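Peer 1: how would this look folded up:
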Amino acid sequence: DRILKLRAYGFRYDYISDVVGLNAKLSELHAALGWLLLGQAEEVILARNRLAAYYREQLATCPEISFQKLLPHCRSTFKDFAIVCADGRDELASCLARAGVQTKKYFVPLHTMPAYRRFGSGNDDLADTEALSARVLCLPIFNEMSEGEADRVCETILRFYGRA
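Peer 2: Have a look, this model is predicted:
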């Protein structure tokens with residue numbers, strides 16, 4: 001009941017808001033598009049998993065980076081493909097940018113963001129979280145990405161770390 005309220009401006013049945021909400025409903029057009037694309041979901045997930053495996057294979061000789069570990073019975077959609085850099089994450093991102101490769105430094109710890117600082121106890125020791133966040137770099141991955149495009153990314157990374 002609360003979720004239904006939150007997605008519709010916080011309205012009760014009588015259109016009076018008793019909680020702060022937002023308009024989080026899909027338009028009819030977006031719902032129809034989502035319905036049509038749902039049939040392609042498995043194909044997209046398989047393609048992204050193949051590309052993630054290709055990245056791992058091509059970068060296996062580079063001990064300066066590591067990957068997210070997935071349990072054998074789990075599968076990812078690979079919305080993002082993150083690597084963890086032993087060092088030089090920011091320099092690698094700059095090197096890739098100069099090569100025309102867009103990367104993202106996602107996953108900023110929530111406790112460091114102004115909007116969420118007030119929720120912490122003030123003495124939280126999240127040094128591991130902060131250290132990992134400073135080393136994560138997301139490589140490009142998208143539905144139509146080719147192995148050739150991934151090769152360019154991998155070659156740039158391997159050259160950066162002196163492995164090419």
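Peer 1: break this structure into its domains for me.
Peer 2: When the chain is parsed with automatic domain parsing, its domains come out as 1-38, 40-160.
Peer 1: next, residue 117: phi, psi?
Peer 2: Phi and psi for residue 117, reported as degrees, to the nearest 10, are phi -60, psi -40.
Peer 1: where in this structure is pLDDT low?
Peer 2: 6-7, 9, 11-20, 121-124 (pLDDT under 70).
Peer 1: give me the residue at the spatial middle of it.
Peer 2: residue 80 (3.6 Å; Cα atoms, centre = their mean).
Peer 1: before we move on, what SS does the nearest residue to it once chain neighbours are set aside have?
Peer 2: Once flanking residues are discounted, residue 80 sits nearest to residue 138: 4.6 Å by Cβ to Cβ, 6 or more residues apart in numbering. Placement of C-beta: from N, CA and C, glycine included. Three-state call for residue 138 (DSSP: H, G, I helix; E, B strand; the rest coil): strand.
Peer 1: beta partners of residue 138?
Peer 2: The partner list for residue 138 in beta bridges (DSSP bridges) reads residue 82, residue 104.
Peer 1: tell me how many other residues crowd residue 161.
Peer 2: Using other Cβ atoms under 10 Å, residue 161 has 19 other residues around it.
Peer 1: the protein: strands as residue ranges?
Peer 2: Per DSSP state E, the chain carries strands over the ranges 65-67, 81-85, 136-139.
Peer 1: out of these, which is closest to residue 22?
Peer 2: Shortest distance between residue 22 and those, using Cβ to Cβ, is found for strand 136-139: 27.2 Å.
Peer 1: convert that closest one to PDB, retaining C-alpha atoms only.
Peer 2: Backbone C-alpha positions of strand 136-139 (Å, rounded to 0.1, in the frame of the first residue of the first chain) are rendered in PDB as follows:
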ATOM      1  CA  VAL A 136      36.600   0.600  -9.500                       C
ATOM      2  CA  LEU A 137      36.200   1.600 -13.100                       C
ATOM      3  CA  CYS A 138      33.300   0.600 -15.300                       C
ATOM      4  CA  LEU A 139      34.200  -0.300 -18.900                       C
END
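Peer 1: report all helices and strands that it contacts.
Peer 2: Packing contacts for strand 136-139, counted by 3 or more Cβ pairs under 8 Å, 6 or more residues apart in numbering; DSSP states H and E, involve strand 81-85, helix 89-98.
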